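Colleague: Sequence unavailable; structure follows:
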Ligand SMILES: C[S@@+](CC[C@H](N)C(=O)[O-])C[C@H]1O[C@@H](n2cnc3c(N)ncnc32)[C@H](O)[C@@H]1O
Ligand SMILES: O=C(O)C(=O)C[C@]1(C(=O)O)C=C[C@@H](O)C=C1
């Protein structure tokens, strides 16, 4: 696994964060050193897939990057006639994900597609995963995306949505942000790396608070929604149709 040193030297003209070839090359290291609880969330996605995947249904990984969630889902499907569809709009991600996925054998079909998740169709879904991707979609498109997921789902289907959160209470925001910074420092990121990545993510990763997410899932029609996992400012929601 290649180490993430993308922001280790001073960038004179720091561009906006993009999921391009340079990020693809270091992505597994970057996400595990940046997102507390990432591995635990993947484990949970596997367990929830085992419990909620329905036979004759489709499973979606929206904003799949290298397909970590899709592969975890595939390992845990125990019912017949399921198809996994994993989508990302980054060509570089889909190319690398294709190589990764080919390295594992399974009877369950896994289709990787390059596309915008705001535009694709969702049909006959029993499990839909959006793992740290809604935060990169324009805020005004988020409700219609969650509505579409709900409408394309079978009764009893689930949405697993993981996101970076912010907190409206300033003291709470500061305390939890401090914990996340300490997590990055303890994983070897320097102050320069942390501050340059933070600038690059400004206006690119636009977080919501917990209430906005829960309200959006309720407005889409989900009868149940709540947080099943949280580590500092990174949370994963479960919503059931
Ligand atoms: C933080 S990564 C997701 C991590 C991945 N789900 C995992 O569990 O390892 C966000 C991904 O969303 C993708 N993305 C951003 N906007 C998108 C869009 N509109 N449609 C599809 N993919 C998108 C990016 O290319 C990137 O690969
Ligand atoms: O908030 C940060 O500092 C992050 O690095 C978060 C985050 C994410 O949540 O997706 C941002 C971009 C990378 O894909 C990995 C992690």
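Modeller: Structure's in. What do you need? Quantities reported herein were computed from a predicted structural model and do not represent experimental measurements. Ligands and ions are numbered 1, 2, ... in the order given.

Colleague: Show me the longest helix that occurs in the protein.
Modeller: Secondary structure assigned by DSSP state H gives helix 170-186 as the longest helix of the chain.

Colleague: who does that helix touch, helix- and strand-wise?
Modeller: Contact here means 3 or more Cβ pairs under 8 Å, 6 or more residues apart in numbering; DSSP states H and E; on that basis helix 170-186 packs against helix 191-201. (C-beta placed from N, C-alpha, C; glycine too.)

Colleague: which residues are in contact with the helix or strand that comes right after the helix it packs on?
Modeller: Using DSSP states H and E, the helix or strand that follows helix 191-201 in sequence is helix 210-220. Residues outside helix 210-220 that contact it (Cβ atoms under 8 Å, 6 or more residues apart in numbering): 142-143, 146-147, 149-150, 159, 161, 163, 165, 208, 225-227, 235, 237, 239.

Colleague: Report the mean per-residue pLDDT for helix 210-220.
Modeller: Across helix 210-220, pLDDT averages out at 98.

Colleague: Which secondary structure state is assigned to residue 99?
Modeller: helix (DSSP: H, G, I helix; E, B strand; the rest coil).

Colleague: Measure how buried it is and give me the count.
Modeller: Number of residues near residue 99 (other Cβ atoms under 10 Å) recorded here: 10.

Colleague: picking up where we left off before, the longest helix of the chain versus helix 191-201: what angle between them?
Modeller: Relative orientation of helix 170-186 versus helix 191-201 (axes from the mean of the first three to the mean of the last three Cα atoms, to 10 degrees): 120 degrees.

Colleague: I'd like the distance from helix 170-186 to the chain centre, please.
Modeller: 21 Å (Cα atoms, centre = their mean, to the nearest Å).

Colleague: May I see the buried residues of it?
Modeller: Using 16 or more other Cβ atoms under 10 Å as the test for burial, helix 170-186 gives 176, 180, 183, 184.

Colleague: And for the closest residue to residue 90 other than its chain neighbours, the neighbour number?
Modeller: Among residues not flanking residue 90 along the chain, residue 19 sits closest, at 4.1 Å (Cβ to Cβ, 6 or more residues apart in numbering). Burial of residue 19 is recorded as 19 neighbouring residues (other Cβ under 10 Å).

Colleague: cool, the one 3 residues further on as well?
Modeller: Neighbouring residues of residue 22 were enumerated by other Cβ under 10 Å; the total is 12.
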